[in-house]
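1. give me the fold of what follows.
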Amino acid sequence: MTKMKGILIFDHLNDVLFTKCDKPFAQHIQKLAKLQGLITDYKNIENIDIKPSPNIIMQLFSPIVTSQYVMASQFGNTYTSMKCQDGTNMVFDDFMGYTFIYISMEDIEYMKRALGICVSIVRHVCGPDIALLKSSREKVNLVSSLINAWVKLQKYEQSILTEAVEQLSVNADLASSVLKVLRDASDSLKSQSDFNNVHVLILVRQKFLSLYSSKNAHDLCASDILLMVLLCWVVNGKAKHEELDIQQSDSEEEDIVLPDNSLSREDEAIPFGGKLSNPTSEDITNLFRGSRESSVSEGLCAINTNGLYSQLFILGSDEGYTANAVHIHELWENINLVTIIEVTNFATSSGLYDSFYYSNIINGLQLQRDIDELRPAFDNLDISIKKTLDGIKKNRGSINNDVDMCQRRFQVKWEFIRKKYMDLLKSRDPESILQIESNTSSFTDTMKELFRLTCLDGNFLKLGIDVLNTTSRLVRQKLNDFSDFLKVKALKNFTLGSRTSLTINKYLEEFPGLVHFIYIDRTTHRLIAPTLDFTSPETLTLTRKKIWNMVAQSRKHLQEGHLSVMWKDTTFNYAYFLWFEDSSRSPLKCKVYLNHTMKNFPVPGILCGDYYRKMAETCFPKISLNKTRIYELYCVHLGLATSSCVLEHSRRLAATIWEVTGVLSNPADII
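-> Next comes the predicted model:
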């Protein structure tokens, strides 16, 4: 059978929100539809323009999507993957009650990671409101382009492969100069506009040069920076010139993106007035009849003016999420200035995100009629909604009339539902659940509208455009003398082939037989590794395939609970180590048997969830994460190197890498 691949996203009604597939997948769907009598008159299946209808996809996949939904709602135990007799694999994931499916004949572990990346990208682009994919073609195309970027770059970039930020290695004087330029840019933006919390960073190709964050801005996660790397690759036009597909191996098949824009909207406004403070039963009825859909979904498109690309993203981690306007200016080819501006306060954006999250949990518990577990979920939802409303009130001076009206509707609807929940928890009468469920849909719609108005309003992208353009020109002017140097450094950060000038090359001469290494500080997710240079004789035999296979094998061992492993093939000796240190740099020994506890971990990495943070929490539950440091090291030696030599080199490398990173580290006991 011809290899095919496709990613599908379904809502709880089995409607198709997103389809990304290649030509063989589209042809296969057409064949199945013809066999089952779903279509009678259709084009030649070899026609390259064939696109599967969302209605046909829904009918074909409804049984399995429904089964997945029942497994989740009734048993809390969903499928993770399926293997068909013809070799086709299906991998499943879930986010905010939406079902994600990846169909392919690829390796299941790769498919799980790829689908997890899709979920992560959708979360960043749409936030918790996945239904945006049904109303915004621009959002659909952005998600598809970012998936393409990841698929392409993870084949060639060590940073995307290992999901860590690769630091561009420059001397201390240049690093200080660049940081000063970014600080001045941030100060300029804050002084000439209403921008409060700002991040300004420079990416050179896929490498990180520098970041400056204003005083009160929330921390920018490493996963956010990796997302910016993907976005810059898309914005710089690489997606237009590179061959793209969602498959791990190279393919010439066409990639088809099929959005479903069948969302209907009611534009009729509901009248509101002073009655909101003391609503009558008639007011409540009108409120739950359905809230007005604002025009905000039409303002979600990115802005691209004077070389400045702007887009809205939800950034952050499980500790909290922020709504941001991201502005990208390509200073020179492959050198990008990225400005990230928080568009609403943390309480509002994080509170709304959590409200969606706990609403989804409660919906599942209600389907299971699990009233005992409903109380903590309800309390968390109540706290999240209070946090949201408090955040909007604190930002009252800058909100518009639409936000104010929507917030009032949202508050009244919640008070009505909240009262019903309180009655349910007291009486434990299942009939109360039916009353709640009959009003939940309208409440959720209002929450979506409030989220779009406060976090994803396209008007945010228009704010301060002139100031942003002026600041970009000033940054370009101040860094002009370094531009050529940075371009060269991006191509060859440092290699094992040139051992003349940089500290990294000089000290690597003390490791005879060392062919390649990847060192990652998993506390900050910063990566140090030589550039893979396949033009030099020394690295001619070191194929990318072997390095990538080493990472894949190491991850498999890690998921089995092995924190250190060594093996060899006919050419090389491979070693992998993951270890922990406390705040005083003393080694920490994990005494937990990890094999069984790691089943619910995300895949190793940070884009699908911080695997290493989860591991630290599991291994050292009594130690604060702020006092735990995590490190990862991959080493490749010539096959003649002995195990004792590899171990000794690995220890010395871990102890002396600070000469490159500038961060002092004591020798670690990595075995």
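
2. rest of the way, CA atoms for contacts and neighbours
-> OK.

3. so in that sheet, which strands flank the longest strand seen in the chain, and in what orientation?
-> Across the chain, the longest stretch assigned as strand under DSSP state E is strand 320-332. Applying DSSP bridges, strand 320-332 is found paired with strand 308-317 (antiparallel), strand 335-342 (antiparallel).

4. pLDDT below threshold where in the stretch 351-500 of the chain?
-> By pLDDT under 70, the weakly predicted segments of the stretch 351-500 of the chain are 397-399, 490, 492-500.

5. which residue is the nearest non-sequential neighbour of the most centrally placed residue in the chain?
-> For the chain, the residue sitting closest to the mean C-alpha position, by Cα atoms, centre = their mean, is residue 120 at 3.3 Å. Of all residues not flanking residue 120 in the chain, residue 608 sits nearest, at 6.0 Å (Cα to Cα, 6 or more residues apart in numbering).

6. confirm that the one you found sits in a strand.
-> No - secondary structure of residue 608 (DSSP: H, G, I helix; E, B strand; the rest coil): coil, not part of a strand.

7. can you start the count at 38 instead of 1 from here on
-> That works, and once the first residue is 38, the last one we named lands at residue 645.

8. ok, residue 655 - contacts?
-> Contacts for residue 655 were tallied using Cα atoms under 8 Å, 6 or more residues apart in numbering; they are 629, 634.

9. check the gap between it and residue 602 for me.
-> As for residue 655, its distance to residue 602 is 20 Å (criterion: Cα to Cα, to the nearest Å).

10. hmm, residue 444 is touching residue 487, no?
-> Yes - here residue 444 reaches residue 487: they are 6.6 Å apart, a contact under Cα atoms under 8 Å.

11. CA atoms only for the longest strand of the chain, dumped as PDB, please.
-> Written as PDB, here are the backbone C-alpha positions of strand 357-369 (Å, rounded to 0.1, in the frame of the first residue of the first chain):
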ATOM      1  CA  GLY A 357       0.300  30.100  33.800                       C
ATOM      2  CA  TYR A 358      -0.400  31.400  30.300                       C
ATOM      3  CA  THR A 359      -0.200  34.900  28.800                       C
ATOM      4  CA  ALA A 360      -1.800  36.400  25.600                       C
ATOM      5  CA  ASN A 361       0.800  38.000  23.500                       C
ATOM      6  CA  ALA A 362       1.300  40.000  20.300                       C
ATOM      7  CA  VAL A 363       4.400  38.600  18.500                       C
ATOM      8  CA  HIS A 364       6.200  40.900  16.100                       C
ATOM      9  CA  ILE A 365       9.000  39.700  13.800                       C
ATOM     10  CA  HIS A 366      11.300  41.800  11.800                       C
ATOM     11  CA  GLU A 367      14.000  40.200   9.700                       C
ATOM     12  CA  LEU A 368      17.000  42.500  10.300                       C
ATOM     13  CA  TRP A 369      19.100  40.700   7.800                       C
END
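
12. any residues touching that strand, and which ones?
-> Contact with strand 357-369 is made by 269, 273, 344-353, 373-383, 386-387, 390, 492-493, 497-498, 509, 513, 520, as judged by Cα under 8 Å, 6+ apart.

13. among those, name the buried ones.
-> 269, 273, 345-353, 373-383, 386-387, 390, 492-493, 497-498, 509, 513, 520 (16 or more other Cα atoms under 10 Å).

14. of the strands paired with strand 357-369, which is nearest residue 480?
-> Nearest to residue 480 among these is strand 345-354; the distance by Cα to Cα comes to 22.0 Å.

15. run through who's touching the closest one.
-> Contact with strand 345-354 is made by 160-164, 256-258, 261, 272, 337-341, 358-367, 493, 495, 498, 506, as judged by Cα under 8 Å, 6+ apart.

16. residues in contact with the residue lying closest to residue 611 once chain neighbours are set aside?
-> In space, and not counting its chain neighbours, residue 611 is closest to residue 673: 4.8 Å by Cα to Cα, 6+ apart. Contacts for residue 673 were tallied using Cα under 8 Å, 6+ apart; they are 551-554, 609-612.

17. give the pairing partners of the host helix or strand of residue 673; include direction for each.
-> Using DSSP states H and E, residue 673 maps to strand 665-675. Using DSSP bridges, the strands paired with strand 665-675 are strand 551-558 (antiparallel), strand 609-619 (antiparallel).

18. and the angle from the next helix or strand after it to strand 551-558?
-> Beyond strand 665-675 on the C-terminal side, the first helix or strand identified by DSSP H and E is helix 680-693. Going by axes from the mean of the first three to the mean of the last three Cα atoms, to 10 degrees, helix 680-693 is angled at 40 degrees with respect to strand 551-558.

19. what comes up buried for helix 680-693?
-> Within helix 680-693, the residues scored as buried using 16+ other Cα under 10 Å are 680, 682-684, 686-688, 690-693.

20. how about stretch 98-105?
-> 98-99, 102, 105.

21. how about those residues in CSV, adding secondary structure?
-> CSV is the format used below for these (three-state DSSP):
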residue, secondary structure
98, helix
99, helix
102, helix
105, helix
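
22. by pLDDT, give me the weakest of the residues you listed.
-> Lowest in pLDDT among the buried residues of stretch 98-105 is residue 105, which has 87.

23. ok, that one - contacts?
-> Contacts of residue 105 by Cα under 8 Å, 6+ apart are 115-116.

24. and it, how far from residue 660?
-> According to Cα to Cα, residue 105 and residue 660 sit 38 Å apart.

25. same check on residue 52?
-> 45 Å.

26. and of the buried residues of helix 680-693, the nearest to residue 147?
-> residue 687 (28.1 Å).

27. show me what the nearest residue to the closest one once chain neighbours are set aside bridges to in the sheet.
-> Nearest residue to residue 687, sequence neighbours excluded (Cα to Cα, 6+ apart): residue 672, at 7.2 Å. Under DSSP bridges, the beta-bridge partners of residue 672 are residue 554, residue 612.

28. and what of residue 373?
-> Under the criterion used (DSSP bridges), residue 373 bridges to residue 240, residue 367.

29. pretty sure it contacts residue 270?
-> No - the pair formed by residue 373 and residue 270 falls short of the contact definition of Cα under 8 Å, at 9.8 Å.

30. is it correct that the residue nearest to residue 157 is in contact with residue 639?
-> Yes - with contact defined as Cα under 8 Å, residue 645 reaches residue 639; the gap is 6.3 Å.

31. and these two? Which one has more around it.
-> Neighbour count, other Cα atoms under 10 Å: between residue 645 and residue 639, residue 645 has more, with 22 against 19.

32. could you find the closest non-adjacent residue to residue 484?
-> Once chain neighbours are set aside, the closest to residue 484 by Cα to Cα, 6+ apart is residue 447, at 6.5 Å.

33. can you pull the contacts of that neighbour?
-> Residues near residue 447 by Cα under 8 Å, 6+ apart: 480, 483-484, 487.

34. domain ranges for this protein?
-> 43-168, 384-493, 529-698 (automatic domain parsing).

35. nearest to residue 216, out of the ones you listed?
-> Closest to residue 216 of the domains of the chain is domain 529-698 (Cα to Cα; 16.2 Å).

36. now that closest one, how far from the centre of its chain.
-> 23 Å (Cα atoms, centre = their mean, to the nearest Å).
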